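> When you get a sec, could you give me coordinates for this:
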Amino acid sequence: MHALFDVPAPAKLNLFLHVTGRRHDGYHLLQSVFMLIDWHDTLHFETRSDGRISREDIGAVLPDEDLTVRAARALQVFAPAGVGAHIALEKRIPSQAGMGGGSSDAASCLLALNRLWGLHLPLSVLVAIGLKLGADVPFFLHGCNAWVEGIGDSIQPIDIPNGRFVVVKTSQGLDTKAIFSHPALTRDSETATISGFAADPFGFGQNDLQAVAQCLCPGVTDALNWLRDRGLQGRMTGSGSAVFAQMRQDAGPIKTSAEWGDVPGNWQLRECVNLGVHPLVGWAPSDDSSVGSV
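You can find the predicted model right below:
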């Protein structure tokens, strides 16, 4: 095998995000449900025989040392000498949106190169690599919707009903560190339960980061108001500036951004459905240690 084309890297939405405490080392303790959606980046891989890792940007220009390149180099330690890869990345998921685009790209890169290079590393090894790259990477590697706790290191698969959502991202982005370091951030939400979430999966809880985000990024408020004016109850996802709302069952056929009308020209809007599993599930051998906490 010398190439793998059209490898998907789906985005996620946080159905809720509670900050329940803070450790002595400064890391925040979280509870959240991560849900995969069908808004995705696409990656293409070709082997190189000179040991180099190169990347070609199709669309948005990314930093030289993005998570995809870092993931490839981390995995290359396990590959034979001289084995490299050229990666072409079609970026569609907005950056600084709280949708996990960079982490998803890294996870798909690990899964794809593990297969392309014939390494056959088990999922537990890829998860260990991914955790060093970013807190969200293990979620995408596990490949299922999940209840996430701790500092993002406890991942429990969870079933989520089928749903349809509109996701809106204004031109403004958000810096995660700025939110978590803000003195007004709520850090003492009550501990939630899976049974409580299951009773109302698309209306449960809140995003504790949202109030601070609205102070730092007026675009979040603009997008929430835009959804409200259309009868939709919006919520921010993750620590980024994208917001989303569940759509009514009688909303009719899926519409493009242009068909929504009066969407500001510098906004990104997409109607999405949730995914039951990641499209690359099964690309790495599983083992007992790759299930549950990582």
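
> those helices in the stretch 51-200 of the chain, which residues are they?
With DSSP state H, counting those that start in this stretch, the ranges of helices along the stretch 51-200 of the chain come out as 67-76, 101-116, 123-133, 137-142, 176-180, 194-198.

> and the third one, how far from the chain's centre?
Yep, that's helix 123-133 we're talking about. Centroid displacement of helix 123-133 relative to its chain, using Cα atoms, centre = their mean, to the nearest Å, is 16 Å.

> in it, what counts as buried?
Buried residues in helix 123-133, counting neighbours by 16 or more other Cβ atoms under 10 Å, are found at 123-131, 133. Every residue, glycine included, has its C-beta placed from N, CA and C.

> Repeat that for the fifth one.
Within helix 176-180, the residues that count as buried by 16+ other Cβ under 10 Å are 179-180.

> Return the alpha-carbon coordinates of that helix using PDB.
Output for helix 176-180, consisting of C-alpha atoms alone and laid out as PDB, is shown next (Å, rounded to 0.1, in the frame of the first residue of the first chain):
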ATOM      1  CA  THR A 176      -8.900  28.200  25.100                       C
ATOM      2  CA  LYS A 177      -6.300  29.400  27.600                       C
ATOM      3  CA  ALA A 178      -8.000  32.800  27.800                       C
ATOM      4  CA  ILE A 179     -11.200  31.200  28.800                       C
ATOM      5  CA  PHE A 180      -9.900  28.800  31.400                       C
END
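
> Quick one: list the elements packing against that helix.
helix 210-216 (3 or more Cβ pairs under 8 Å, 6 or more residues apart in numbering; DSSP states H and E).

> Need the contact partners of the helix it packs on.
When contacts are taken as Cβ atoms under 8 Å, 6 or more residues apart in numbering, the neighbours of helix 210-216 outside the stretch itself are 174, 178-179, 182, 184-186, 220-221, 224, 235-236, 239, 241.

> For these, which single residue is the most surrounded?
Highest neighbour count within those, by other Cβ atoms under 10 Å: residue 241, with 30 neighbours.

> Tell me how this protein divides into domains.
Taking automatic domain parsing as the criterion, the chain consists of the domains 3-158, 164-273.

> I'd like those laid out as CSV, including mean pLDDT and distance to residue 282.
CSV is the format used below for the domains of the chain (pLDDT from 0 to 100; distance: least, Cβ to Cβ, whole Å):
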stretch, mean pLDDT, distance to residue 282
domain 3-158, 95, 8
domain 164-273, 94, 21
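
> Deepest-packed of those, please.
Burial among the domains of the chain, expressed as mean neighbours by mean count of other Cβ atoms under 10 Å, is greatest for domain 3-158, which shows a mean of 20.

> ok now do the spatially closest residue to residue 264 that is not a sequence neighbour, which residues does it touch?
In space, residue 264 comes closest to residue 170 once its chain neighbours are excluded; the distance is 7.4 Å by Cβ to Cβ, 6 or more residues apart in numbering. Listed by Cβ under 8 Å, 6+ apart, the contact partners of residue 170 are 219-220, 222-223, 241, 264, 266-267.

> which residues sit in contact with the residue nearest the centre of the chain?
To find the centre residue of the chain, average its C-alpha atoms and take the closest one (Cα atoms, centre = their mean): that gives residue 100, at 2.3 Å. With contact set as Cβ under 8 Å, 6+ apart, residue 100 has these partners: 11-12, 34, 93, 136, 139-140, 238.

> Please name the residues that touch residue 217.
Residues near residue 217 by Cβ under 8 Å, 6+ apart: 172-174, 241.
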